[in-house]
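Engineer: need coordinates for the following:
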Amino acid sequence: MNNDSNQELLEMVEFIHDHLNQNGYGEKYSGIIKSLNILKSRDRNGYHKVSDHLLDDFRRLYDNRHDSELLNEKFDAACKLAEKLF
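Structural biologist: Coordinates of the predicted model:
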């Protein structure tokens, strides 16, 4: 995986995490935190799990009605990039 792609995905996931934290929901979505840790540490063994973590939290976000158009777009883009990369 190249550094540009990793950085782009990391920035997307950080944006999602920051947005959820600003609204008081950050701790409810552990998949985001796990994904951030994997991407920041560049854990090769964990890269294949990033997409699953993001998709799980995307579903949870929708089920809990914490979603917005902006978050949905960011989650969708992050999930697609993670699936493409890993």
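Engineer: from here on, contacts and neighbour counts on C-alpha atoms
Structural biologist: Noted.
Engineer: can you report phi and psi for Gln7?
Structural biologist: phi -70, psi -40 (degrees, to the nearest 10).
Engineer: and if you look at His66?
Structural biologist: Here His66 shows phi and psi, under degrees, to the nearest 10, equal to phi -100, psi 10.
Engineer: likewise Arg42?
Structural biologist: Main-chain torsions, Arg42, degrees, to the nearest 10: phi 60, psi 50.
Engineer: quick check: it vs His17, distance?
Structural biologist: With distances taken as CA to CA, to the nearest Å, Arg42 is found 18 Å from His17.
Engineer: and the two? Which one has more around it.
Structural biologist: Between Arg42 and His17, His17 has the larger neighbour count (other CA atoms under 10 Å), namely 20 against 14.
Engineer: need the contact list for the more buried one.
Structural biologist: His17 sits next to Gly26, Ile32, Ile33 when contact means CA atoms under 8 Å, 6 or more residues apart in numbering.
Engineer: now do 10 Å
Structural biologist: For His17, the contact set (CA atoms under 10 Å, 6 or more residues apart in numbering) comprises Glu11, Tyr25, Gly26, Glu27, Tyr29, Ser30, Ile32, Ile33, Leu36, Leu71.
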